[in-house]
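Enquirer: give me coordinates for this.
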Amino acid sequence: MTDKELYENVEKYIGTEVSLEGWIKNHRKQKEFGFISFSDGTYFTPIQIVYDNQLEQFDEITKYRIGSAISVCGLVVESPKEGQSFEIQAKKIDLLGDCPEDYPIQPKKHSREFLREQAYLRPRTNLFQAVFRVRSKAAFAIHKYFQERDYVYFHAPLITASDCEGAGEMFHVSTFDFKNIPKDEEGQIDYSKDFFGKESSLTVSGQLQAETFALAYKKTYTFGPTFRAENSNTKTHASEFWMIEPEIAFCDLNQDMDIMEEMLRYVVDYVLKNCEKELEFLNQFVESGLIEKLHQLLSSKAVRITHQEAITLLKESGKDFEFKPEYGEDLAREHEKYLTEEKFHSPVFVYDWPKDIKAFYMRLNDDKKTVAAVDLLVPGSGELMGGSQREERYDMLINRMKEMNVGTEELNWYLNLRKYGGCIHSGFGMGFERLIMYLTGVENIRDVIPYPRTPGNCEF
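Expert: Numbers count the residues shown, from 1 in each chain. Reported below is the predicted structural model:
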């Protein structure tokens, strides 16, 4: 039996004997009896195990330490303690795996910085039990949303010769001996002698490849790891992170926004219904008002404004922003916060962005100054998703790539999509860790991914 089975069917088990296996989270010993806070990881709330000196192993049990793995056989009874509906009166407790006194995860408050150093043990703490359960449920909800709507799950390659974003911040993949790298006649690295016969990197996005599947299956999505060699040490950047990237054929920018909003509501609703205990804990100890924030998202309709309208609103707000809002420039975090939390009190779509600050594959609008791109801003987190209608016109895409110095030869296959039955299509991307930060209230990306990869850190 698991803790979850017992908690969800407790009335059925009152007065019966059960067997459980798990770990000691806390242990309070007295002269004639003791209390063990017990968990097997399947349910957020631990179970109280009560034992007394009538047990033959009493003296031995009192020496069981926090962190030890044990098996428990006992009677499920109604609890006299306020705040818990039942407890287990132990008939037998066996030690399955001892734990020494220097076990780092003791029943006290640990800093998140300390717990990052103990990342292989931190899932045993209440905070990370909650965070990673939410992560698991949210991942399932994302797959569930797309599978219920007949999207094809596409596994994008992790090794690629394409730089989707054109920023050049990619990790190179090579089998070269760094002490003896072959050079060509011009003294440049001779990638023809490398494993793949060309310069290769870890992907920053599966979007370009996903478009090929969208133009065969109509609806597809990726959900996997991506990599960015950006030397950034902020709370929101990691070198390895997970991305959800749907691509939909015969879909324009307005339909794209509809899907973005619907998917987010679906995932939030699923987490609220399936992580009740975890969210209650996070609401109490991490972000006060978290649950209210999530419910408010479900009940509010996202506002849709152009980038130009957004800048105008910011300029007319009377607010003294640290970064002055300007037409043709990106939005700062403080701008996003004003729009979502002060002006509209709801999610906000900002669309039709200046072409000069967006990627080559975004569809050029008729004004020749903006592209059909969109960011979804949410209260409490700012930008959560970004998408666009893709440029489906062959000549326009060629011109845009040349304008932005994006090589057309290596992306010839991508251009051919526009020649071989091309059509209007759109998509978006959402950083999964950004979503988990929003769902949990945890502010640092290092605390929502099991083993964070950041500049100077590749532990575990």
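Enquirer: helices of the stretch 1-150 of the chain, start to end?
Expert: Secondary structure of the stretch 1-150 of the chain (DSSP state H, counting those that start in this stretch): helices at 3-8, 10-13, 58-61, 112-117, 126-148.
Enquirer: tell me the buried residues in the first one?
Expert: Neighbour-count burial for helix 3-8, with 16 or more other C-beta atoms under 10 Å as criterion, is recorded at 3, 6-7. From N, CA and C alone the C-beta is placed, and that goes for glycine too.
Enquirer: what's in contact with it?
Expert: By C-beta atoms under 8 Å, 6 or more residues apart in numbering, the residues outside helix 3-8 that reach it are 13, 18, 20, 22, 38-43, 45-47, 76.
Enquirer: mind saving the C-alpha coords of that helix as PDB?
Expert: Listed in PDB are the C-alpha atoms of helix 3-8, where the atom choice follows Å, rounded to 0.1, in the frame of the first residue of the first chain:
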ATOM      1  CA  ASP A   3       0.500   6.700   1.500                       C
ATOM      2  CA  LYS A   4      -1.700   8.100  -1.400                       C
ATOM      3  CA  GLU A   5      -4.000   5.000  -1.400                       C
ATOM      4  CA  LEU A   6      -4.400   5.300   2.300                       C
ATOM      5  CA  TYR A   7      -5.100   9.000   2.400                       C
ATOM      6  CA  GLU A   8      -7.600   8.800  -0.500                       C
END
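Enquirer: quick one: Cys423 from Arg390, how far?
Expert: Distance from Cys423 to Arg390, counting by C-beta to C-beta, to the nearest Å: 10 Å.
Enquirer: same question, Leu397
Expert: The separation that Leu397 has from Arg390, given C-beta to C-beta, amounts to 9 Å.
Enquirer: and those two? Which one has more around it.
Expert: Neighbours were tallied for Leu397 and for Arg390 using other C-beta atoms under 10 Å; the higher tally belongs to Arg390 (30 against 25).
Enquirer: partner residues bridging the more buried one?
Expert: Met362 (DSSP bridges).
Enquirer: ok, it to Ser426 distance?
Expert: According to C-beta to C-beta, Arg390 stands 6 Å off from Ser426.
Enquirer: need the overlap of contacts for these two.
Expert: Taking C-beta under 8 Å, 6+ apart as the contact rule, the neighbours common to Arg390 and Ser426 are Glu247.
Enquirer: strands along the stretch 51-200 of the chain, start to end?
Expert: For the stretch 51-200 of the chain, the strands identified by DSSP state E, counting those that start in this stretch occupy 69-78, 86-97, 152-153, 159-160, 172-173, 200-202, in order along the chain.
Enquirer: okay if I get the ones you listed as CSV plus distance to Thr340?
Expert: Formatted as CSV, those follow (distance: least, C-beta to C-beta, whole Å):
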stretch, distance to Thr340
strand 69-78, 46
strand 86-97, 43
strand 152-153, 31
strand 159-160, 34
strand 172-173, 38
strand 200-202, 33
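Enquirer: tell me the most buried of these?
Expert: Comparing the strands of the stretch 51-200 of the chain on average neighbours per residue, with mean count of other C-beta atoms under 10 Å, the densest one is strand 200-202 at a mean of 19.
Enquirer: what average pLDDT does that strand get?
Expert: Per-residue pLDDT values over strand 200-202 give a mean of 93.
Enquirer: tell me which residues in the helix or strand just after that strand are buried?
Expert: For strand 200-202, the following helix or strand on the C-terminal side (DSSP states H and E) is helix 207-217. Of the residues in helix 207-217, 207-215 count as buried by neighbour count, 16+ other C-beta under 10 Å.
Enquirer: please apply the same query to stretch 16-32.
Expert: The neighbour-count check on stretch 16-32 (16+ other C-beta under 10 Å) flags 20, 22-25, 27 as buried.
Enquirer: list residues touching both of Leu397 and Arg390?
Expert: Tyr361.
Enquirer: what strands line up against the one helix or strand Glu247 maps to, and which way round?
Expert: In this structure, Glu247 is located in strand 240-249 according to DSSP H and E. Each strand pairing with strand 240-249, determined using DSSP bridges, is listed with its direction: strand 219-227 (antiparallel), strand 425-431 (antiparallel).
Enquirer: send the alpha carbons of the last one over as PDB?
Expert: Okay, so that is strand 425-431. What follows is strand 425-431 as a C-alpha-only set of coordinates in PDB (Å, rounded to 0.1, in the frame of the first residue of the first chain):
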ATOM      1  CA  HIS A 425       0.900  28.400 -40.200                       C
ATOM      2  CA  SER A 426       1.700  29.500 -36.700                       C
ATOM      3  CA  GLY A 427       3.200  28.400 -33.500                       C
ATOM      4  CA  PHE A 428       4.600  29.400 -30.100                       C
ATOM      5  CA  GLY A 429       7.100  28.400 -27.500                       C
ATOM      6  CA  MET A 430       6.900  28.200 -23.700                       C
ATOM      7  CA  GLY A 431       9.800  27.600 -21.400                       C
END
